[in-house]
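Chemist: I need the structure of the sequence given here:
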Amino acid sequence: MTPPLPLTERVDAWLVLHRRRVLGVLLFAAVFVRLMVGMELAGGPLLHIHEKNPSSDNYFFAQWSQHLSEGDWLQRQPLHPMTAWMRRVAGQVMREHPTYPVQLGLAKDTAYAPQAMAVTLWDHWLGGPTYFQEPLYPYLLALTRVVFGADAAFVFAWQLALGVLGVFLAYRLGRVLFSETAGVAAAVLALLYAPLVVHEFTLLRDSLIVLFTLVLVTALVAALERGGWRWTAFGALAGLAVLVKVPFVIFVGLALAGAVASRRCRAPDVGRV
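Modeler: From the prediction side, this is the model:
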């Protein structure tokens, strides 16, 4: 009598047999969870932090996207956050060294307006019309504002859609790299990870960072397995990822170093005699 297969193999075989249905349930669950979270957050302040808290990154991303959408797409004018602590620092500098702005060439004399000069000082300290953070996310916000309007709900909508896509990519990576069961487990963990879902309802780039991480790993696996144009695709995606968050450079560098090392260590094919 043939011994029964181990439980893990039987589960894996069942999941393979019902792959489409299982994936459909996972994606439906991802959408359902986001709808439930959205309904709970609708009556609270989280969805409006970008309007009510000037010290938050949400607020600055909203201001940045508005500035871009009003026509300064190349950001020729300086734009940086101006929080309460930043004003205190600039105020202290002006009180202790009132001629400092004059020495920098930012004012003709010491009769400058302190409030306006605080902004000018920080613009100078932060490099003038340089980007304060990586620019891809605020540009996406600006494009959304131009196409659909200023309501942040439109941003939340595409962030939620990208979150569902992330659940699918987590499933696919787990299945390709390990097993069908691992793919389902990865998808379940992704769709139930509360901080990730909540961040999709804010003007923060966290959800975009998670998505690019999954996309880059997916592209890297495809490039390692099939090569060719997939390396070009991986390079293009890596460039976009760096425009979301500079530390992606570390991941890309390690990925390329690992790819080179694995190719050098690969045993040469031995032809048949």
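Chemist: going by C-alpha atoms from here, please, whenever you check contacts or count neighbours.
Modeler: Fine.
Chemist: tally of neighbours for Gln75?
Modeler: For Gln75, the neighbour count with other C-alpha atoms under 10 Å is 14.
Chemist: and it, which of the three is it?
Modeler: coil (DSSP: H, G, I helix; E, B strand; the rest coil).
Chemist: which stretches of the stretch 151-273 of the chain form helices?
Modeler: Under the criterion DSSP state H, counting those that start in this stretch, helices of the stretch 151-273 of the chain are mapped to 153-177, 180-192, 194-199, 206-226, 229-244, 248-265.
Chemist: what residues of the second one count as buried?
Modeler: If you call a residue buried by 16 or more other C-alpha atoms under 10 Å, then helix 180-192 has these buried ones: Glu180, Thr181, Ala182, Gly183, Val184, Ala186, Ala187, Val188, Ala190, Leu191.
Chemist: which among these gets closest to Val22?
Modeler: Using C-alpha to C-alpha, Val184 is the member of the buried residues of helix 180-192 that lies nearest Val22, at 8.1 Å.
Chemist: contacting residues around that closest one?
Modeler: Going by C-alpha atoms under 8 Å, 6 or more residues apart in numbering, Val184 touches Tyr171, Gly174, Arg175.
Chemist: now swap in Gln75 and tell me
Modeler: Leu68, Pro129, Thr130.
Chemist: which secondary structure element is home to the spatially closest residue to the first one that is not a sequence neighbour?
Modeler: What sits nearest to Leu68 in space, not counting adjacent residues and going by C-alpha to C-alpha, 6 or more residues apart in numbering, is Ala142, at 6.1 Å. Counting by DSSP states H and E, the element that carries Ala142 is helix 136-148.
Chemist: pLDDT score for Pro3?
Modeler: On the pLDDT scale, Pro3 is placed at 66.
Chemist: wait, I meant Ser56
Modeler: 90.
Chemist: I'd assumed His50 was in contact with it.
Modeler: Yes: using C-alpha atoms under 8 Å, Ser56 is in contact with His50, at 7.1 Å.
Chemist: who's more crowded, the two?
Modeler: The neighbour comparison of Ser56 against His50 (other C-alpha under 10 Å) goes to His50, with 22 against 16.
Chemist: the more buried one and Ala150, how far apart?
Modeler: As for His50, its distance to Ala150 is 12 Å (criterion: C-alpha to C-alpha, to the nearest Å).
Chemist: ok, of the helices of the stretch 151-273 of the chain, where does mean pLDDT dip lowest?
Modeler: Minimum mean pLDDT among these: helix 248-265, a mean of 86.
Chemist: can you list contacts of that helix?
Modeler: Helix 248-265 is contacted from outside by Leu220, Leu224, Ala238, Ala241, Val242, using C-alpha under 8 Å, 6+ apart.
Chemist: closest one of those to Met39?
Modeler: Relative to Met39, and with distances defined as C-alpha to C-alpha, the nearest of the contacts of helix 248-265 is Ala241, at 31.0 Å.
Chemist: which residues of the stretch 1-150 of the chain score low on pLDDT?
Modeler: Per-residue confidence for the stretch 1-150 of the chain (pLDDT under 70) gives these ranges: 1-5.
Chemist: repeat that for 50
Modeler: Residues of the stretch 1-150 of the chain meeting the criterion pLDDT under 50: none.
Chemist: so where do the helices sit in it?
Modeler: With DSSP H, counting those that start in this stretch as the criterion, the stretch 1-150 of the chain has helices at 7-17, 19-41, 49-52, 57-69, 84-96, 100-103, 114-125, 136-148.
Chemist: mind putting those in TSV, distance to Val260 included?
Modeler: As requested, those are exported to TSV (distance: least, C-alpha to C-alpha, whole Å):
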stretch	distance to Val260
helix 7-17	33
helix 19-41	34
helix 49-52	44
helix 57-69	38
helix 84-96	46
helix 100-103	52
helix 114-125	41
helix 136-148	29
